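Q: sequence and predicted structure are below.
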Amino acid sequence: MAVEFSPVAILYQALQPPIIDGIREPLKPGGYSDSGADIAYSLRSDNIPIVTPVDNPSPTSDLDWVFPDTEEGISTAISKGAKTLWANTILFDTHPLNHMSFREDIKLVGHLPSNVRKYDNKWFTNELIKNNGILVPHAILIGSSTYNGTYRLNDITLDILNKKGIRFPAVVKPIRAVEVKHAEKLLSTRTVIDGQYCFEYGDTLILEEYLEGEEITATIMPPGMYDINFKNVTFNKYWHLPLVKRFNHNNGIAPYSGVVAVIENSSLISNEEMQYPIYKQVAQDCEKAAQIMRPLAPIRIDCRRIAPEKPFALFDINMKPNMTGPGRPGRNMQSSLSCIAANGIGWNYPDLLKAMLRQAWLIKKFISMHEKKNYMRVIGRSVAMVN
């Protein structure tokens, strides 16, 4: 009998991301090694072959289960027998997965590195989907100076904001991060990156209308074959898991999952509610957004009603890994929004992970010479800047 799954190795974030748009996102504490260990432990418990750095990994030791996403870490995982790499990390153009040479049979669970770089720019992504008829919050770019349509912070008036559909309270956020602080502080905060002073959050921010209504999160799955209720179901387009409702916000913002477990402030929208036209519409909008972006792995999209009883707007499209799940000792509270959504179609955590594994793609086929040329272009530019 043929074995469905080849040996899998989970990668965690060990590499420092590059500076993009003048911003370097900080390494996540632990580099997603906790969720990586959740993934590996749960898959092995479900009899999926898992390759680990140590022979007898401890259920409570994150790093026993995951390999660093460095070139050496990836090579070690493959030398130990891994044929599928799970990129539970942040990807970018110069990431080793984008330029290493791989055998024809090596697969990846994750996104194209170039797509992560492109769509992690929240302004670019929201403008893209807005231009395709999808509702997003009213927003403008603000900075310390005026250029390329950016408004100078000190020049902004209530009249300008009103014309742009922005009322107070409003949300200020970096283009490539999610922290929300005062605009002046964000624009003036500097840090040293690679020996040079840079703006920690970039020199341009997004000023966005605050959406007052209900918040939901949609997990969008890529096309492919899935096992649902013990039947093989083929989806020829992007599709959504059941929607998840968010509540118990802190000052109007959903708290970070590392502070408040998502199972304490999130729940499935009922089957009855999902028949309401407004939920059907936002689900269709999320699928349409994915069709524009064409991700190769699940994405999460946060949406809010623009006001109570009003339509939903898509305000954050997230390609970052967040696949924590129960199973390991002491981790039963560490579910994820996508895991909660999967429960709505009868999937437990291992079922969701196996569904993602089935969509693994051949690295050598999908990461084309275009990606490798782009890597050389970026490296060449970096070398020129040093010289």
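A: Alright, I've got the coordinates.
Q: what ranges of this protein fall below the confidence cut-off?
A: Across the chain, residues meeting the criterion (pLDDT under 70) sit at 1-3, 21-22, 177-203, 250-260, 368-387.
Q: residue ranges of the helices in it, please?
A: In the chain, the segments counted as helices under DSSP state H are 33-45, 71-79, 113-119, 122-130, 158-163, 183-188, 277-293, 337-343, 349-357, 363-366, 369-386.
Q: which among those is found nearest to I142?
A: When those are ranked by proximity to I142, the top entry is helix 183-188, at 6.3 Å, counting by CB to CB. Any C-beta I mention is one placed from the backbone N, CA and C, and that applies to glycine too.
Q: now S79: how far from E72?
A: 10 Å (CB to CB, to the nearest Å).
Q: sorry, that was for P329
A: Per CB to CB, P329 is found 30 Å from E72.
Q: just the strands in the stretch 1-150 of the chain please.
A: In chain order, the stretch 1-150 of the chain shows strands spanning 8-12, 66-68, 84-87, 107-109, 139-143, with DSSP state E, counting those that start in this stretch as the criterion.
Q: let's have these in TSV, adding distance to E127.
A: As requested, these are arranged in TSV below (distance: least, CB to CB, whole Å):
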stretch	distance to E127
strand 8-12	31
strand 66-68	35
strand 84-87	27
strand 107-109	29
strand 139-143	9
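Q: what's the most buried one of those strands?
A: For the strands of the stretch 1-150 of the chain, the largest average neighbour count (mean count of other CB atoms under 10 Å) is found in strand 8-12, namely a mean of 28.
Q: packing partners for that one?
A: For strand 8-12, the contact count by 3 or more CB pairs under 8 Å, 6 or more residues apart in numbering; DSSP states H and E identifies helix 33-45, strand 66-68, helix 71-79, strand 84-87 as packing neighbours.
Q: break this protein down into its domains, please.
A: Split into domains by automatic domain parsing, the chain comes to 8-111, 138-209, 215-361.
Q: end-to-end on the last one?
A: Read it as domain 215-361. Domain 215-361 has its terminal residues 33 Å apart, counting by CA to CA, to the nearest Å.
Q: one more: stretch 330-344?
A: Between the opening and closing residues of stretch 330-344 we find a distance of 24 Å, counting by CA to CA.
Q: one more: stretch 63-73?
A: Looking at stretch 63-73, the gap from its leading to its trailing residue is 12 Å under the measure CA to CA.
Q: so how far is that stretch off the chain centroid?
A: Centroid displacement of stretch 63-73 relative to its chain, using CA atoms, centre = their mean, to the nearest Å, is 20 Å.
Q: give me the buried positions along that stretch.
A: L63, D64, W65, V66, F67, P68, D69, G73 (16 or more other CB atoms under 10 Å).
Q: ok, and what's touching that stretch?
A: Residues from elsewhere that reach stretch 63-73 (CB atoms under 8 Å, 6 or more residues apart in numbering): 9-15, 31, 33, 36-37, 40-41, 50, 52-54, 57-58, 74, 76-77, 87-89, 95-97, 100.
Q: and for stretch 238-246?
A: Applying CB under 8 Å, 6+ apart, the external contacts of stretch 238-246 come out as 214-223, 254, 265-269, 274, 279, 282-283, 286-287, 290-291, 302, 337-338, 340-342, 344-345.
Q: now, of these, which are buried?
A: Among the contacts of stretch 238-246, those that count as buried by neighbour count (16+ other CB under 10 Å) are 214-223, 254, 265-266, 268-269, 279, 282-283, 286-287, 290, 302, 337-338, 340-342, 344.
Q: strands of the stretch 201-350 of the chain, start to end?
A: Secondary structure of the stretch 201-350 of the chain (DSSP E, counting those that start in this stretch): strands at 204-209, 215-221, 224-228, 231-235, 239-240, 244-246, 266-268, 299-305, 312-318.
Q: now those as TSV including distance to S144?
A: Supplementary listing: the strands of the stretch 201-350 of the chain in TSV, determined by distance: least, CB to CB, whole Å:
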stretch	distance to S144
strand 204-209	9
strand 215-221	31
strand 224-228	46
strand 231-235	46
strand 239-240	40
strand 244-246	34
strand 266-268	38
strand 299-305	28
strand 312-318	25
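Q: so which of those is nearest A170?
A: Proximity to A170, assessed across the strands of the stretch 201-350 of the chain by CB to CB, is greatest for strand 204-209 (5.8 Å).
Q: what lies in contact with the closest one?
A: The set of residues that contact strand 204-209 without belonging to it, under CB under 8 Å, 6+ apart, is 21, 122-123, 137-143, 150-151, 156, 161, 165-167, 170-175, 183, 186-187, 306, 315.
Q: how big is the angle separating it from strand 139-143?
A: With axes from the mean of the first three to the mean of the last three CA atoms, to 10 degrees applied, the angle from strand 204-209 to strand 139-143 works out at 140 degrees.
Q: partners of strand 204-209 in the sheet?
A: The sheet places strand 204-209 alongside strand 139-143 (antiparallel), strand 170-174 (antiparallel), with pairing taken from DSSP bridges.
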